[in-house]
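Enquirer: quick check, what structure comes out for this input:
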Amino acid sequence: MGEGMSELLTIADLTARIRAFVEARDWKQFHNPKEMAVALTAEAGELMQSYEL
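Expert: From the prediction side, this is the model:
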C-alpha cells in the first residue's frame, strides 16, 4: 500500500498478508489453543480494568 492507501484489499488478501507476517517471525509456535486462551484472558482482563468501581 502506498501513500494514498487507495488499494482495496479483500479478506483473503489481508489473511495472506497476516499469515506471511506470522511465518516470517516464526510465531506459529505460539498459535495453539492454550496460548491463544491465555492471551485472550489477559486482554479481557485489561479491558475489564476500565469498568472497576
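Enquirer: biggest helix in this structure, by residue count?
Expert: Using DSSP state H to define each element, the chain has its longest helix at helix 33-48.
Enquirer: check which helices and strands it sits against.
Expert: Where contact means 3 or more C-beta pairs under 8 Å, 6 or more residues apart in numbering; DSSP states H and E, helix 33-48 is not packed against any helix or strand. From N, CA and C alone the C-beta is placed, and that goes for glycine too.
Enquirer: and the one residue sitting closest to the centre of the chain, what element?
Expert: For the chain, I18 is the residue whose C-alpha lies nearest the centre (C-alpha atoms, centre = their mean; 8.0 Å). Element membership for I18, per DSSP states H and E: helix 11-24.
Enquirer: on that earlier part again, contacting residues around the residue nearest to the centre of the chain?
Expert: Listed by C-beta atoms under 8 Å, 6 or more residues apart in numbering, I18 has no contact partners.
Enquirer: from W27, how far off is it?
Expert: 10 Å (C-beta to C-beta, to the nearest Å).
Enquirer: L14 too?
Expert: 16 Å.
Enquirer: what about this structure, any weak spots by pLDDT?
Expert: Low-confidence segments of the chain (pLDDT under 70): 1-6, 53.
Enquirer: repeat that for 80
Expert: 1-7, 53 (pLDDT under 80).
Enquirer: residues near A42, how many?
Expert: Taking other C-beta atoms under 10 Å as the criterion, the count of residues near A42 is 10.
Enquirer: so what's it up against?
Expert: So A42 contacts nothing (C-beta under 8 Å, 6+ apart).
Enquirer: how close does it sit to M36?
Expert: According to C-beta to C-beta, A42 and M36 sit 11 Å apart.
Enquirer: one more: E52?
Expert: Counting by C-beta to C-beta, the gap from E52 to M36 is 25 Å.
Enquirer: the more surrounded of these two?
Expert: Between E52 and M36, counted using other C-beta under 10 Å, the more crowded position is M36 (11 against 5).
Enquirer: what lies in contact with stretch 27-35?
Expert: For stretch 27-35, with C-beta under 8 Å, 6+ apart as the criterion, the contacting residues are V22.
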